[in-house]
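Asks: Got a predicted structure here, sequence first:
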Amino acid sequence: MMTLTTDQKRYLEEWMTFLKIPSVSADPAYKDEVTKAAEWVNDSLRKVGCAHTEIIPTAGHPIVYGEYLINEDLPTVLVYGHYDVQPPDPIELWDSPPFEPIVKTTSLHPEGAVFARGACDDKGQMFMHIKAFEIMKNEGKLGCNIKFMIEGEEEVGSDHLEAFVKNNTTKLACDVILISDTGMISKEQPSISTGLRGLSYMEVTVTGPNRDLHSGLYGGAVANPINVLCEMITQLHDDQKRITIPGFYNTVKELSQTERDAMAKAPFSLNEFIDSIGINEVVGEEGFSNEERRTIRPTLDVNGIWGGYTGEGAKTVIPSKAHAKISMRLVPDQDWNQIGKLFSNHFKSIAPKGVTVEVQTHHGGFAYVTPTDSLAYQAAHQAYLDTFGIPPIPSRGGGSIPIVPMFENVLGVKSILMGFGLDSDAIHSPNEHYGLFNFFRGIETIPKFYEHYIKLRKEQT
């Protein structure tokens, strides 16, 4: 376990207190806890010296806003993050309770890691920015204006954030947006995310008979919605693992071989990847490497499927309905609204007689690519170089943050994705964790970004 300074011990204690709040935005049963988390963030911003903070209600969960404005002639950085977390299910697969954070050592984190839901995504990474602000302010090294916008609905699609941003363009006016909700290649090799995939998230329902039926009396005579749903899902990919929805690839932006070769220079061990998730072989679209499949190619995956009887023991029924949640990760130039329509039309078209199909769109967002020649990117590059000792590698991320392209469209500024998490952090999964090394190295690196960004801005003028 690493030896912590007095301040680091305090940061850790505060972080773990935050993690104890079960701010699950997807479940209405946790509504009060989500509000409690917003209040906690607001108090934290106030305590570290933000001159103005407020909790702003929305039709969903509240947004926390804070600011410290020095001079309107100085550049302004807007920090975005979220305080809501994914549901902890399945609880039985956690080695320790998801909302009782604990520090444990692992082979990858001999210095220790905090295990809890939200440890990395995004409470730990967002909290780094609050602590970095505290340090810069206390040391008199804050040379620009800072604004914070911390939301509570990222894990459910940020449904009400766009309206807030559009209605508050003056309040949120800035020169760059800084986000830590992504990861890096390893503890030894930092990287900066230069792209995110888009998302189209759907739910389908297949309905057969008007009620659950006795499988002995009706089996073989009526369509079983679960059987039908499974058959329909298998038709969504061909033998080469390409998605079969007509028109799905029409606008996919293909990378040149030069761009693909540059991406391939990032260190990656296929064997370590396989071992880390306990499989014996990777599977994906033919003609692309494992890393390309995870980052620059679109995908379609079933995220959940249910129907019929799933309780203890046996109940011999043919269910009336079967359901599935399906997500599609998208790449630049794919319109998530159009992809949702293509999916809906195709899925309904392959339904056999004897059932009806409903398709619901939950949420989505566009893919995003950030340039590597901006002053803000150069500042982030130098910040990682300062603290890690080696240059960060630009890399495409496989996940989605739908609000990032929205920020650019509405506020007219680019986002810099300074993530410090690792693929092995098990975000969205049981036993989510975040290494103490990553947490404290993030707090050390973020002030360096401000230092270099301000310097580069001055040099430009």
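Replies: All right, it came through fine.
Asks: who's in contact with D7?
Replies: Taking Cβ atoms under 8 Å, 6 or more residues apart in numbering as the definition of contact, D7 has no neighbours. Placement of C-beta: from N, CA and C, glycine included.
Asks: I'd like the numbering to begin with 884 instead of 1 from here.
Replies: OK, 884 is where the count begins now, so the last one is D890.
Asks: any idea how far it is from I1013?
Replies: From D890 across to I1013, the span is 13 Å (Cβ to Cβ, to the nearest Å).
Asks: do the same with P1215
Replies: On the measure of Cβ to Cβ, P1215 and I1013 end up 32 Å apart.
Asks: more crowded one of the two?
Replies: Set side by side, P1215 and I1013 show more neighbours around I1013, with 24 against 20, by other Cβ atoms under 10 Å.
Asks: would the more buried one count as being in a strand?
Replies: No - looking at I1013 with DSSP: H, G, I helix; E, B strand; the rest coil, it is helix, so not inside a strand.
Asks: where's the helix ranked longest in the chain relative to the chain centroid, distance-wise?
Replies: Ranked by residue count, the top helix of the chain under DSSP state H comes out as helix 1319-1343. The chain centroid and the centroid of helix 1319-1343 are separated by 22 Å under Cα atoms, centre = their mean, to the nearest Å.
Asks: And that helix, what's buried?
Replies: 1319-1337, 1339-1340 (16 or more other Cβ atoms under 10 Å).
Asks: cool, stretch 955-966 as well?
Replies: Residues 958-966 are the ones in stretch 955-966 that count as buried (16+ other Cβ under 10 Å).
Asks: and it, how far apart are its ends?
Replies: Distance between the two ends of stretch 955-966: 29 Å, counting by Cα to Cα, to the nearest Å.
Asks: Same question for stretch 1163-1171.
Replies: Using Cα to Cα, the span of stretch 1163-1171 from its first residue to its last is 19 Å.
Asks: Buried residues in it, which are they?
Replies: Going by 16+ other Cβ under 10 Å, stretch 1163-1171 has these buried residues: E1168.
Asks: Output the contacting helices and strands for the longest helix of the chain.
Replies: Using 3 or more Cβ pairs under 8 Å, 6 or more residues apart in numbering; DSSP states H and E, the elements in contact with helix 1319-1343 are helix 889-902, strand 996-998, helix 1006-1021, strand 1059-1062, helix 1258-1271.
Asks: and the angle from the last one to helix 1319-1343?
Replies: The reference is to helix 1258-1271. Going by axes from the mean of the first three to the mean of the last three Cα atoms, to 10 degrees, helix 1258-1271 is angled at 140 degrees with respect to helix 1319-1343.
Asks: and helix 1258-1271, C-alpha only, in CSV?
Replies: Output of helix 1258-1271 as CSV, limited to C-alpha atoms (Å, rounded to 0.1, in the frame of the first residue of the first chain):
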residue,chain,number,x,y,z
LEU,A,1258,-3.5,24.5,-28.0
ALA,A,1259,-5.6,22.6,-25.4
TYR,A,1260,-4.6,19.2,-26.8
GLN,A,1261,-0.9,20.3,-26.8
ALA,A,1262,-1.3,21.4,-23.2
ALA,A,1263,-2.8,18.0,-22.2
HIS,A,1264,0.0,16.2,-24.1
GLN,A,1265,2.7,18.2,-22.2
ALA,A,1266,0.9,17.7,-18.8
TYR,A,1267,1.0,13.9,-19.2
LEU,A,1268,4.6,14.1,-20.3
ASP,A,1269,5.5,16.1,-17.2
THR,A,1270,4.0,13.6,-14.7
PHE,A,1271,4.5,10.3,-16.5
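Asks: Need the contact partners of it.
Replies: 1058-1059, 1071-1073, 1075, 1077, 1253-1254, 1274-1275, 1297, 1299, 1301, 1324, 1327-1329, 1331-1336, 1338-1340, 1343.
Asks: The worst-scoring helix or strand of the chain on mean pLDDT: what's the following helix or strand?
Replies: Ranking every helix and strand in the chain by mean pLDDT, DSSP states H and E puts helix 1140-1146 at the bottom, with a mean of 85. Next in sequence after helix 1140-1146, counting helices and strands by DSSP states H and E, comes helix 1153-1159.
Asks: Moving C-terminal from that following helix, which element do we reach first?
Replies: Once the chain leaves helix 1153-1159, the next helix or strand it forms, by DSSP H and E, is helix 1173-1178.
Asks: Quote the end-to-end distance of stretch 924-941.
Replies: 16 Å.
Asks: actually stretch 1084-1101, not the one I wrote
Replies: End-to-end distance of stretch 1084-1101 (Cα to Cα): 34 Å.
Asks: Of all the residues in it, which ones are buried?
Replies: By neighbour count on 16+ other Cβ under 10 Å, the buried set for stretch 1084-1101 is 1084-1085, 1087-1092, 1095-1096, 1098.
Asks: Quickly note the distance from the closest residue to K1148 other than its chain neighbours to L1305.
Replies: Excluding the flanking residues, the one nearest K1148 by Cβ to Cβ, 6 or more residues apart in numbering is I1276, at 7.5 Å. For I1276, the distance to L1305 equals 14 Å [Cβ to Cβ].
Asks: ok, those two, which is more surrounded?
Replies: Per other Cβ under 10 Å, whichever of I1276 and L1305 has more neighbours is L1305, with 22 against 19.
Asks: which residues in the stretch 1084-1233 of the chain form strands?
Replies: Secondary structure of the stretch 1084-1233 of the chain (DSSP state E, counting those that start in this stretch): strands at 1096-1097, 1182-1190, 1200-1201, 1204-1213.
Asks: same for the longest one, what does it pack against?
Replies: Strand 1204-1213 is packed against strand 1081-1090, helix 1108-1117, strand 1182-1190, helix 1219-1232, with contacts defined by 3+ Cβ pairs under 8 Å, 6+ apart.
Asks: and the ones you listed, which is most packed in?
Replies: Of these, the one with the most neighbours on average (mean count of other Cβ atoms under 10 Å) is strand 1081-1090, at a mean of 22.
Asks: What helices and strands are in contact with it?
Replies: Using 3+ Cβ pairs under 8 Å, 6+ apart as the contact test, the elements touching strand 1081-1090 are helix 1108-1117, strand 1204-1213, helix 1219-1232, strand 1239-1248.
Asks: got the angle for the second one vs strand 1182-1190?
Replies: Okay, so that is strand 1204-1213. Put simply, strand 1204-1213 runs at 160 degrees to strand 1182-1190, going by the same axes, to 10 degrees.
Asks: what mean pLDDT does strand 1204-1213 have?
Replies: On average, the pLDDT along strand 1204-1213 is 98.
Asks: Can you name the residues that contact Y1192?
Replies: Shown in contact with Y1192 (Cβ under 8 Å, 6+ apart): 1198, 1200, 1202.
Asks: So what touches stretch 1138-1157?
Replies: 1068-1069, 1072, 1074, 1163-1165, 1172-1175, 1178-1179, 1276, 1278-1279.
Asks: still on that earlier bit, report the buried members of the contacts of Y1192.
Replies: 1200, 1202.
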